[in-house]
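1. Would you be able to build a 3D model of this:
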Amino acid sequence: MGKPARIRIISYLTALVAALALLSFARCADLRDSRQSANYSAGRAFEETVGSVDALSEALAKSVYATDGSMCARVCGEAYAHALAAESALSVLPFSTQELEQISAFLNVAGDYAYSLCGSAAEQGFSSEQVRVFRDMSATARELSAALRELQGGVHGGDVIMDQAALRMQNVTDPPRTENLSQRLLAYEAAFEPLAALEYDGQYGCAKEESKGYLTEGAMLALAADYAGVPASSLQEAYAYEGVSGRRCYRSGDLYLCVSRAGLESMAQTRLVGEAQLSQAQSRQIAEDFLARRGFRDLELSAIQRQGAVDAMVFCKTENGALCLDNCIRLSVALDDGSIYSFNASDYCGEASGARFLVSQSGAEAALPEGLELLDSRRVILKSPGKRDLACYAFDCADGERQLCIYVDAATGKQCKIQLSN
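-> Purely as a prediction, here's the structure:
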């Protein structure tokens, strides 16, 4: 190799090394900026958590002094908003907050309880029992706020440091002279006293136990075999998990069946469906015959949709002429051979709800705003957030080009739900 060639090679290598050095410097600068941004975001999230919990404590404390309905409803709205903000900010912290289940549960229950009372509080104010609950929640929120402010002071003073996602991924621990925020929060979580279970009509309220049949394990196996159309001896247990209701999952070939103490919950095939050979009318008839053979009565088809080579249907229970929208069976039919491709009755209950229509339809129409065009109306039964059955009138309306449905409670004559069409 001649001298000019060696010079060119050395020049190229020198240029390459210089380019890599510049690129590394730029990447390091970007990484440093990203870490600084992440640290700022984490610190900001913790500041928002502290502020939201403090505001929640103050909002809950106002309930003791609120007397008129408008102020009570405003207090509920403030408490719900601050609880939601605190839970959202807590979830953004740079460490897993799944272990903070007691703190998270308190924030969820406090917000949900306040939200559930907004409507009644606007009319009647707070009852003495509701004020007592709010007072207890306020005391808990005040203690939580004080603990978070103490941690905040530790973060500002350098005694407590914010967790870093990058170090956590590399399994690098911080120096022993300091303590991570996550460690301090977990220590407080261990000593946190949860709220007693509350009975209210909300998502986290104590729901009454539904009276359901009780099947033995042998009866569950026999029921699964009956649905599968095979001897019980040929069923295999798909997995050993047992849920709170004694749930079992069995398998027969490519068919899986999930059974609880109350009966069959779901059934599904895993095979690939071939080319569709059946019409929608034929698949609907197959589904209706299947439900009739299995003893399901008083059902009405509320939705049907073709999904590839499968027709998916929703059948809702009917009761005294009302459609139970949250009491339904989901079922699909394979269009190549007409078999039941999937079946889900986990949201179905055959017992009567007992919901009564105390207000006439004309009386319920008085709750509709002026200027809407009434397109259709029907009687329905809905589930409240606390799983309570509500008899309602559903009014399909049009406001110009916008379609909407307004649900009016048939016990009070007041609106309980507004659903806008997409």
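2. Is Asn108 in contact with Glu87, as I believe?
-> Yes. Using C-beta atoms under 8 Å, Asn108 is in contact with Glu87, at 6.3 Å. All C-beta atoms are positioned from the backbone trio N, CA, C, and that covers glycine.
3. Show the contacting residues for Glu217.
-> Under the criterion of C-beta atoms under 8 Å, 6 or more residues apart in numbering, the contact partners of Glu217 comprise Gly246, Arg248.
4. After the helix or strand of the chain with the lowest mean pLDDT, heading C-terminal, what element do we hit next?
-> For the chain, using mean pLDDT, DSSP states H and E, the weakest element among its helices and strands is helix 165-169, scoring a mean of 45. In the C-terminal direction, the helix or strand that comes right after helix 165-169 (DSSP states H and E) is strand 179-180.
5. Whatever helix or strand comes next after that following strand packs against which elements?
-> Scanning the chain past strand 179-180 towards its C-terminal end, the next helix or strand to appear is helix 181-191 (assignment: DSSP H and E). Other helices and strands packing on helix 181-191, by 3 or more C-beta pairs under 8 Å, 6 or more residues apart in numbering; DSSP states H and E, are helix 101-116, helix 128-157, strand 160-161.
6. Helix 181-191 - what's its average pLDDT?
-> Per-residue pLDDT values over helix 181-191 give a mean of 83.
7. before we move on, what about stretch 204-224?
-> For stretch 204-224, the mean pLDDT works out to 76.
8. measure it end to end?
-> Across its full length, stretch 204-224 reaches 33 Å between end residues, using C-alpha to C-alpha, to the nearest Å.
9. Give the buried residues for the helix or strand hosting Phe343.
-> Applying DSSP H and E as the criterion places Phe343 in strand 340-344. Burial within strand 340-344, assessed by neighbour count using 16 or more other C-beta atoms under 10 Å, is assigned to Ile340, Tyr341, Ser342, Phe343, Asn344.
10. could you dump those to a markdown table with pLDDT?
-> Conversion of those to a markdown table gives the following (pLDDT from 0 to 100):
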| residue | pLDDT |
| --- | --- |
| Ile340 | 96 |
| Tyr341 | 96 |
| Ser342 | 96 |
| Phe343 | 97 |
| Asn344 | 96 |
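11. and of the residues you listed, the nearest to Tyr227?
-> Proximity of the buried residues of strand 340-344 to Tyr227 (C-beta to C-beta) peaks at Phe343, which lies at 7.9 Å.
12. that older thread, keeping just the C-alphas, turn the strand holding Phe343 into CSV.
-> C-alpha atoms of strand 340-344 as CSV (Å, rounded to 0.1, in the frame of the first residue of the first chain):
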residue,chain,number,x,y,z
ILE,A,340,-72.3,-21.6,18.8
TYR,A,341,-68.9,-19.9,18.5
SER,A,342,-69.1,-18.0,21.8
PHE,A,343,-71.5,-17.6,24.7
ASN,A,344,-71.3,-15.2,27.6
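13. Around Glu58, count how many other residues there are.
-> Summarising burial for Glu58: neighbours were counted as other C-beta atoms under 10 Å, giving 16.
14. now swap in the one 3 residues further on and tell me
-> By other C-beta under 10 Å, 18 other residues sit near Ala61.
15. quick one: secondary structure of it?
-> helix (DSSP: H, G, I helix; E, B strand; the rest coil).
16. Look up how far Ala122 lies from it.
-> For Ala61, the distance to Ala122 equals 20 Å [C-beta to C-beta, to the nearest Å].
17. ranges for the helices of the chain?
-> Applying DSSP state H to the chain gives helices spanning 3-62, 69-92, 101-116, 118-124, 128-157, 165-169, 181-191, 217-228, 280-293, 361-365.
18. Find the nearest non-adjacent residue to Glu78, please.
-> Here the nearest residue to Glu78 in space, its sequence neighbours aside, is Ala59; by C-beta to C-beta, 6 or more residues apart in numbering that works out to 4.0 Å.
19. which residues of the stretch 301-422 of the chain score low on pLDDT?
-> Applying pLDDT under 70 to the stretch 301-422 of the chain picks out residues 422.
20. Check the stretch 151-300 of the chain too.
-> Regions of the stretch 151-300 of the chain meeting the criterion pLDDT under 70 cover residues 164-178, 207-213, 240-245.
21. check contacts around the closest residue to Cys72 other than its chain neighbours.
-> Nearest-residue entry for Cys72: Ala121, 3.8 Å, with adjacent residues in sequence omitted and distances by C-beta to C-beta, 6+ apart. For Ala121, the contact set (C-beta under 8 Å, 6+ apart) comprises Gly69, Cys72, Ala73, Val75, Cys76, Gln130.
22. was I right about Phe315 contacting Leu325?
-> No. Here Phe315 lies out of contact with Leu325, judged by C-beta under 8 Å, at a distance of 11.6 Å.
23. Between the two, which has more neighbouring residues?
-> Just comparing Phe315 and Leu325: by other C-beta under 10 Å the higher neighbour count belongs to Phe315, 22 against 17.
24. Who is the nearest residue to that one once chain neighbours are set aside paired with across the strands?
-> The shortest distance from Phe315 to any non-neighbouring residue, by C-beta to C-beta, 6+ apart, is to Leu299 (4.2 Å). Beta-bridge partners recorded for Leu299 (DSSP bridges): Lys317.
25. how about the residue nearest to Arg271 when sequence neighbours are not counted, phi and psi?
-> Once flanking residues are discounted, Arg271 sits nearest to Asp254: 4.6 Å by C-beta to C-beta, 6+ apart. Backbone geometry at Asp254, expressed as degrees, to the nearest 10, gives phi -100, psi 20.
26. Most neighbours of all the contacts of Ala121, which one?
-> Going through those with other C-beta under 10 Å as the criterion, the one with the most neighbours is Cys76, at 28 neighbours.
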